[in-house]
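Q: A predicted structure for the sequence below; I have some questions about it.
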Amino acid sequence: MPDTILLLAEEKMEMTLESLKRELGLIRTGRANPAVLKGVRVNYYGVPTPIDQMASVSVPEAQLIQIKPYDKTQLKEIEKAIQLADLNLVPQNDGTVIRIVFPPLTEQRRKDLVKEVKGLVENSKVACRNIRRDANEQLKKLEKEKLVSEDELKGYNEDVQKLTDKFIAKVEEIGKEKEKQIMEI
């Protein structure tokens, strides 16, 4: 039973880590990254469809994303969906492809993005600590029900702490890497 609690806690912390990676993928670093278009849905004959399922998305240059729809009649719909997604991106439609140019980031914008990254990293750390707290409470319940001894509880609590430390270190590492990308010119 306590092993199940530990596995569940690890699974939840892993999900927190994946969520952080997704969130950080949406933050622009000055380089073109197709991940910024992940959440954009295009009205494709009445069905909200992800751009990457209806067009080829490529990065021919460091600061340019090129979108070439499989069905050219959908160019206007894709362009409209990108504008409505409120990503601060300006799509340029030339009749066959859509190009999105990423302007270089200003120093102030870089600092603002780093603050945003730090906030996301801190939220992920808090989430990991909350998972730790929940796991420790579940273990205490097992001790009250006499399913584990006090010594075993102490050992399991240490395991939960080690797990938490491991994931918080991973979160910090991912955050530092993203900050480095943002500050790179």
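A: Perfect, I can see it now.

Q: now D3, what's its secondary structure?
A: What DSSP: H, G, I helix; E, B strand; the rest coil gives for D3 is helix.

Q: can you map out the strands along this structure?
A: 41-44, 47-50, 55-61, 64-69, 91-93, 98-101 (DSSP state E).

Q: out of those, nearest to M13?
A: strand 47-50 (27.8 Å; CB to CB). Backbone N, C-alpha and C define where each C-beta goes, glycine included.

Q: partners of the closest one, with directions?
A: Next to strand 47-50 in the sheet, as set by DSSP bridges, lie strand 41-44 (antiparallel).

Q: contacting residues around the strand it pairs with?
A: Contact with strand 41-44 is made by P48, T49, P50, I51, M54, Q74, E77, I78, A81, as judged by CB atoms under 8 Å, 6 or more residues apart in numbering.

Q: If we use 10 Å, what do you get?
A: 47-51, 53-55, 69, 71, 74, 77-82, 84-85 (CB atoms under 10 Å, 6 or more residues apart in numbering).

Q: Derive a ChimeraX selection command for the buried subset of those.
A: Selection of the buried residues among the contacts of strand 41-44 in ChimeraX, burial being defined by 16 or more other CB atoms under 10 Å:
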select :49,50,51,54,55,69,74,77,78,79,81,82,85
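
Q: Can I get the strands of the chain in TSV including mean pLDDT?
A: Formatted as TSV, the strands of the chain follow (pLDDT from 0 to 100):
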stretch	mean pLDDT
strand 41-44	88
strand 47-50	90
strand 55-61	90
strand 64-69	92
strand 91-93	89
strand 98-101	90
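
Q: Brilliant, that's me finished.
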